[in-house]
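>>> predicted model and sequence follow; I will ask about them next.
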Amino acid sequence: MPLALNLDDVPGLDGFAVRVFYSRSTRAHGIPITSGTLEILMFDGAPVGTTAAFPVPLRIWPFTAEQLKQFSTRTSLGVGYQLVLCWGDSQPTGDHLTVVARYRPSTGPALLSPPSSISTGMN
C-alpha cells in the first residue's frame, strides 16, 4: 500500500513510499527483476476506469534492474522493492494521487499493476 510522506523539513507532503513485488503466474512470491526496467507512474487524482483511461502521468521514475538492487528487500511475500520517491515540481493538485507500476521487460509487452490511490490530504 503506497503512503504519502513529508520528506523534508518543510511542512506538507512531497513524496510517497511504495513497495513493488514482481511475480509470474508460475510463482506466487515476489522474484527479483534481473532485466528490463521498472517504472513508477504518478497521476493526479483518484483512479477512474482502467490505466488505459489515465492521462499523461505527472511524473515517471524509471529504474533499471541494476538500479533496483539497492532497493531490494526480502519479506514473507518474497523479493520486493521499497521505493521512497519525491515528486518535486510535479505536485498533485487534488486530494488524491494514483500510482501505477509498469514493468518493461527486455522483450515482450509491458506489464501494469492495478492503480493504487494515495490520499494527499490537500483538500
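Good, I have the coordinates.

>>> in the chain, which spans are helices?
65-68 (DSSP state H).

>>> run through the bridge partners of the residue nearest to the spatial centre of it.
Centroid check for the chain by CA atoms, centre = their mean gives I40 as the closest residue, at 3.8 Å. Listed by DSSP bridges, the beta-bridge partners for I40 are W61, A101.

>>> who are the contact partners of it?
18, 20, 60-61, 63, 83, 85, 99-102 (CB atoms under 8 Å, 6 or more residues apart in numbering). Placement of C-beta: from N, CA and C, glycine included.

>>> and the gap between G15 and K69?
According to CB to CB, to the nearest Å, G15 stands 21 Å off from K69.

>>> of the two, who's got more company?
Neighbours per residue, other CB atoms under 10 Å: of G15 and K69, the larger number sits with G15, 18 against 13.

>>> surely that one meets W87?
Yes. Counting by CB atoms under 8 Å, G15 touches W87, with 5.6 Å between them.

>>> any shared contact partners between those two?
In contact with both G15 and W87: no residue, using CB under 8 Å, 6+ apart.

>>> measure stretch 28-45 end to end?
30 Å (CA to CA, to the nearest Å).

>>> list the buried residues in that stretch.
30, 33, 36-45 (16 or more other CB atoms under 10 Å).

>>> ditto for stretch 83-97
83, 85, 87, 91-92, 96-97.

>>> got the contact list for that stretch?
When contacts are defined by CB under 8 Å, 6+ apart, stretch 83-97 is touched by residues 4-5, 7, 14-20, 40, 42-46, 58-59, 61, 63, 71, 117-123.
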